[in-house]
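Asks: mind folding the following:
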Amino acid sequence: MDTKLKNSKKSYVTNLVTFIIFLIMSVGIFNIYPNMRGWSKAEPKSPFEEDDFLRTIYKNDYALYKDLVGQTNHEELSGDKIYISSYDTHNDTEDNIIRNFNYELSEWKNNLNNNYKNLDYLVYSDDINITNTNNDLKELVSDSEVNNLKDKYLWYMTVKYDNTGLMSISNIYGADANIVKNAFSGLNIREIWGYPLITEDNVKFNSIKNVTFIYGIPKDLKYTDALSRKIDESQNKMNIASVVAILLGIVSIILILSLLIPYKNGKEVFGVKYFSKIPFEINCFIFGAGGIVIGTVLGLTVTETLRNRFAINLIGSRMDKNLESYTVISVNIIMWMAAIYIIFAGVMLLKSIINFGVIKYLKENLLIIKISRQIKKLFSNVFNYIEHIDLNDKSNKFIIKVIGVNLIIMLICCIFWFFGIVIALIYNMILFHSIRKQYGDIRNKFSILLNEADRIAGGNLEVEIEDDLGLFNPLKDRIEKIKDGLKKAVSEEVKSQRMKTELISNVSHDLKTPLTSIITYTDLLKKDNLTEEERKSYIDTIDKKSQRLKFLIEDLFEVSKATSGDIKLNLVNVDIVELMRQTQIELDDKIKDSKLILKNSYPASKVILNLDSQKTFRIFENLIINVVKYAMKGSRVYVDIIDHEKNVEITIKNMSAEELNFDPFDIVDRFQRGDKSRNTEGSGLGLAIAKSFVEVQGGTFNIEIDGDLFKVVIKFNK
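Replies: Here you go, the predicted structure:
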């Protein structure tokens, strides 16, 4: 015991130290990220020289010029009215051309509004201007650069269209002017639209004329959009080859350090020793797939962290700066710890293979060898089964005899060479005839069985199978039992349906009676010539009937909850004897009015059970009230509480005033009364509620009838 405790403590310390070392190594690697960023940073390139950016600026000319024309004409014009002068629908329909062009133009405007919110622009003409910024850009209209704009903007340029539609570009800052001008010289609206069925012959375009577009991107970017991400990416470009080289260097150092750790110490690290028990092929998959996955994820994590794009590229949203910082640190450290563990576990596995012996390890851990052993074991079990066939079993003897005779006959046929073929054919014809005859007999017997089963399925439960079905006799017996079970189930269902019909009738009667009285006396109260005594009498009657209806509905809800099991029990220690005494005290007036004599027989000491006191009081109350209503006036009622070893038995016995002409199982159903005429007060739910409350507390509730003796027996387990 002491040795196990020491080993457990040693393993705990080893894992704790290993975790701390892995954590320190991961934190140390993360701390050299600034140096890694410097080693792997690529030469920055202006994003404003990229073809995609310049094409977007060219599209913006057409989107903004449409707005300018609309404001000049004081009405919004569709794009095709402004830019398309004529078209030939030889290759396409007019509607398709117009609809597609207007859709593309609206997409260019949406791109400007949503993805290029950081782009400042000024559309300048002699009549009207459009801008989304202040008037600083207007200083570039004169085609002369303004030095103070360079302090505010990363990039700006001017695009001017003269009265012939000729485009010229000037005042370029933040990008190579030659690259920009060359890019714009190859652009036209037909090419950037990209509709596949248009050519210079079938669609003619109008040019933009007499307008100047001035664009600028401020140094202070207010929005997070595609433009800001493009600028951010250009400023944080990484040399991927350098990053990979650095990561491989770090992995090599971790590998060397792992090789320096003895296997007897390394195997104590959590999970390491279990890898040596896993089949070799599965280990190859674990470390191969695991290495690829962790390597890929780690490479992405490191790269995006070095580019300061971790949150936006890997998580997909902007975070609070503090939260982003903690997330970046945590994810990087966790990924490095996972990578270190995989490398460490792989090295320890390699050492265990070398220590154990490569050949010996492969023999015991190759999955294909294990599968071969299992196949060999399977065949061995089959042969072993054949060797241990019980020849005393009649069925086994018969099968073996048939196979043996068949084998002998076939061997005899083989002796006669060519004539043996004829003998074999004759033998197989005889065998076929015998099998067919036997099969026909089995099929006929099965057909009889199947027909009788169909008759039972059709509802005929009076089926009698008298034929000897041989092999199917056990199944015939089972069908007979199924038939008897179905008869019993149908009988129970008929009884259930009858009880449901009676339940609906009883509920209707018990609810309708007080309600009818309330309506009748309410109508009587409406008369003007009533005396005060009559009015009070009617009101008193309405009150009694409404209270009766209230108690009936409350009982109905109570028994409904009990039947559905929706009862919450508040279990406490309850003295059954004291609770019965308290119940009788509460109902003392009703007991005296009924002139009944209660004979109580209780144990001398307390009888404590773990029950719900309120539900148990309701049980006793309902039973005493039932006695008061239906017991013979002036007779004796016996209430006994017997404390057995394993349970407590409570019995209440009384002589009925009326003849007990009902089934004791029916009287506990809902709305059943001993008074079949239903003239007495009560809901018919008292015994049903009592029985449900007893059973929900784990007890049993039974009613026994002997002549006019009515006896209730309740048992609660201790």
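
Asks: residue 208 reaches residue 62, doesn't it?
Replies: Yes - here residue 208 reaches residue 62: they are 7.1 Å apart, a contact under C-beta atoms under 8 Å. Placement of C-beta: from N, CA and C, glycine included.

Asks: those two: which is more packed in?
Replies: Higher neighbour count among residue 208 and residue 62: residue 208, with 23 against 20, using other C-beta atoms under 10 Å.

Asks: on the three-state scheme, that one is what?
Replies: Classification of residue 208 by DSSP: H, G, I helix; E, B strand; the rest coil places it in coil.

Asks: for the nearest residue to it once chain neighbours are set aside, give me its contacts.
Replies: Nearest non-adjacent residue to residue 208, counting by C-beta to C-beta, 6 or more residues apart in numbering: residue 161, 4.5 Å away. Residues counted as contacts of residue 161 (C-beta atoms under 8 Å, 6 or more residues apart in numbering) are 61, 167, 207-212.

Asks: got the residue ranges for the helices in the stretch 101-250 of the chain?
Replies: Taking DSSP state H, counting those that start in this stretch, the helices of the stretch 101-250 of the chain run over residues 147-152, 177-185, 189-193, 226-235, 240-259.

Asks: other SSEs contacting the second one?
Replies: Identification of packing neighbours for helix 177-185 by 3 or more C-beta pairs under 8 Å, 6 or more residues apart in numbering; DSSP states H and E yields helix 51-73, strand 167-173.

Asks: so which of the ones you listed is nearest residue 656?
Replies: helix 51-73 (97.8 Å; C-beta to C-beta).

Asks: residue 131 and residue 215: what is the separation?
Replies: 11 Å (C-beta to C-beta, to the nearest Å).

Asks: residue 127 and residue 73 touch, don't they?
Replies: No - with contact defined as C-beta under 8 Å, residue 127 does not reach residue 73; the gap is 10.2 Å.

Asks: just the strands in the stretch 1-150 of the chain please.
Replies: Ranges of strands within the stretch 1-150 of the chain are 84-87, 120-124, 129-131, based on DSSP state E, counting those that start in this stretch.

Asks: what helices or strands is the shortest one leaning on?
Replies: It stands for strand 129-131. Packing partners of strand 129-131 (3+ C-beta pairs under 8 Å, 6+ apart): helix 51-73, strand 120-124.

Asks: can you give me the neighbour number for residue 263?
Replies: Look at residue 263: counted by other C-beta under 10 Å, it has 19 neighbours.

Asks: that one contacts residue 355, correct?
Replies: Yes - counting by C-beta under 8 Å, residue 355 is a contact partner of residue 263 at 6.0 Å.

Asks: circling back to that earlier point, among the helices of the stretch 101-250 of the chain, which comes closest to residue 283?
Replies: For those, proximity to residue 283 was assessed by C-beta to C-beta; helix 240-259 is nearest, at 16.3 Å.

Asks: which SSE is the residue lying closest to residue 594 once chain neighbours are set aside in?
Replies: Leaving aside its sequence neighbours, residue 594 sits nearest to residue 628 (C-beta to C-beta, 6+ apart; 4.6 Å). Taking DSSP states H and E as the definition, residue 628 sits inside helix 613-630.

Asks: what's the answer for residue 484, then?
Replies: Element membership for residue 484, per DSSP H and E: helix 473-525.

Asks: worst-scoring helix or strand of the chain, pLDDT-wise?
Replies: None of the helices or strands of the chain scores lower by mean pLDDT, DSSP states H and E than helix 310, at a mean of 67.

Asks: distance from the chain centre to the helix or strand immediately after it in the chain, please.
Replies: Using DSSP H and E, the helix or strand that follows helix 310 in sequence is helix 321-356. Offset of helix 321-356 from its chain centre (C-alpha atoms, centre = their mean, to the nearest Å): 32 Å.

Asks: now swap in stretch 604-619 and tell me
Replies: Distance, stretch centre to chain centre, for stretch 604-619: 44 Å (C-alpha atoms, centre = their mean).
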